[in-house]
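J.: Next one to model:
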Amino acid sequence: MEHNEISRRGVVAGAAAMGALAAVGTGVATSASAANPVLKAGSRGSSVTALQKRLNSLGYWCGTPDGVFGALTVQAVLAIQKVAGLGRDGVVGAKTWGVVNRGTRPGSRRGGNRMEVDKRRQIVMVVRGGSVKYIFNTSTGNGELFTYYGRKIRATTPSGEFRINRRGSNGWDYGALGGLWRPFYFNGGIAFHGSASIPAYPASHGCCRLSVSAQNFLIANRLLYIGEPVSVY
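T.: This next block holds a predicted model:
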């Protein structure tokens, strides 16, 4: 009887201990989740504000932090996901929080003062004094054939060293291929320009698409200018 009683008490004590551990574990998990909740387009609150401030501090420009996970925050999240080699979904889950918290940033290949276009990762970088100052999500040529005034052309963004040599209008430039917002050209008809659609994959006819707000930001801060070197690789 005594042995059975001791055993019974051991089971009860063990169950109580396990319950206490489970409670502690739940508390830790809840706390961690509260610190880094899953955020996506439409999310609101202080966690979004914290995310926006952190992205801006790392150079992933997303405008003025306002606690609203809007289009600019999606663009910044896509940019850091591309740099880190994560899935490109614009959702901030555990893996994306990890690279945000670690401060993941790309480096410049060419240095100096220039724009760099990394086609593999589909990002545009503003380089100043040899360091990457800003990183933007972009969409370059999709490699498909398209027809332009009766000619078949491959939608490519050629690699090489260029300079911005002209700019378009101070608004929308509309042509046979659609609208370009405030374009800055660096290779024939290929330009940095604002667009209403900047997906996470190559989708353009050859230009480097940026959000309209990003293009306005670059121009307003003289980060795009005639004569600026451009490296595409």
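
J.: The most centrally placed residue in the chain and G227: what is the separation?
T.: With distances taken as C-alpha atoms, centre = their mean, A79 lies nearest the centre of the chain, 1.8 Å away. When C-beta to C-beta, to the nearest Å is the yardstick, A79 and G227 sit 26 Å from each other. For the C-beta atoms, the positions are set from N, CA and C on the backbone; glycine is no exception.

J.: residue ranges with poor pLDDT in this protein?
T.: 1-33 (pLDDT under 70).

J.: can you rerun that using 50?
T.: The chain contains residues with pLDDT under 50 at 1-32.

J.: ok so, going back, confirm the residue nearest to the centre of the chain sits in a strand?
T.: No - A79 is assigned helix when assessed by DSSP: H, G, I helix; E, B strand; the rest coil, not a strand.

J.: That one touches S139, doesn't it?
T.: No - if you go by C-beta atoms under 8 Å, A79 and S139 don't touch, sitting 11.6 Å apart.

J.: Please report the distance of I226 from R128.
T.: According to C-beta to C-beta, I226 and R128 sit 17 Å apart.

J.: Give me the residues contacting stretch 76-88.
T.: Stretch 76-88 is contacted by residues 52, 55-56, 58, 60-62, 89-92, 95-96, 99-100, 104-106, 121-123, 135-137, 200-201 when judged by C-beta atoms under 8 Å, 6 or more residues apart in numbering.

J.: From those residues, list the buried ones, please.
T.: Among those, those classed as buried by 16 or more other C-beta atoms under 10 Å are 52, 55-56, 58, 60-62, 90-92, 96, 99-100, 104-106, 121-123, 135-137, 200.

J.: Let's see which of those residues end up in strands.
T.: The strands, defined by DSSP state E, take in I123, I135, F136, N137 from the buried ones among the contacts of stretch 76-88.

J.: Which neighbours in the sheet does the longest strand belonging to the chain have, and how are they oriented?
T.: Longest strand in the chain, counting residues (DSSP E): strand 178-187. Strand 178-187 has the following sheet partners, assigned by DSSP bridges: strand 166-167 (antiparallel), strand 172-175 (antiparallel), strand 190-195 (antiparallel).

J.: Mind checking those strands for the one nearest to V117?
T.: strand 190-195 (8.5 Å; C-beta to C-beta).

J.: Return the distance of the closest one from the chain's centre.
T.: Put simply, strand 190-195 sits 17 Å off its chain's centre (C-alpha atoms, centre = their mean, to the nearest Å).

J.: Helix, strand or coil: sort out the nearest residue to R182 once chain neighbours are set aside for me.
T.: Leaving aside its sequence neighbours, R182 sits nearest to Q215 (C-beta to C-beta, 6 or more residues apart in numbering; 5.4 Å). Secondary structure, three-state DSSP: Q215 is helix.

J.: could you measure Q215 against G168, distance?
T.: Q215 sits 11 Å away from G168, taking C-beta to C-beta as the criterion.

J.: try P229
T.: Distance, P229 to G168, by C-beta to C-beta: 20 Å.

J.: And S139, by the same measure?
T.: Following C-beta to C-beta, the distance that separates S139 from G168 is 18 Å.
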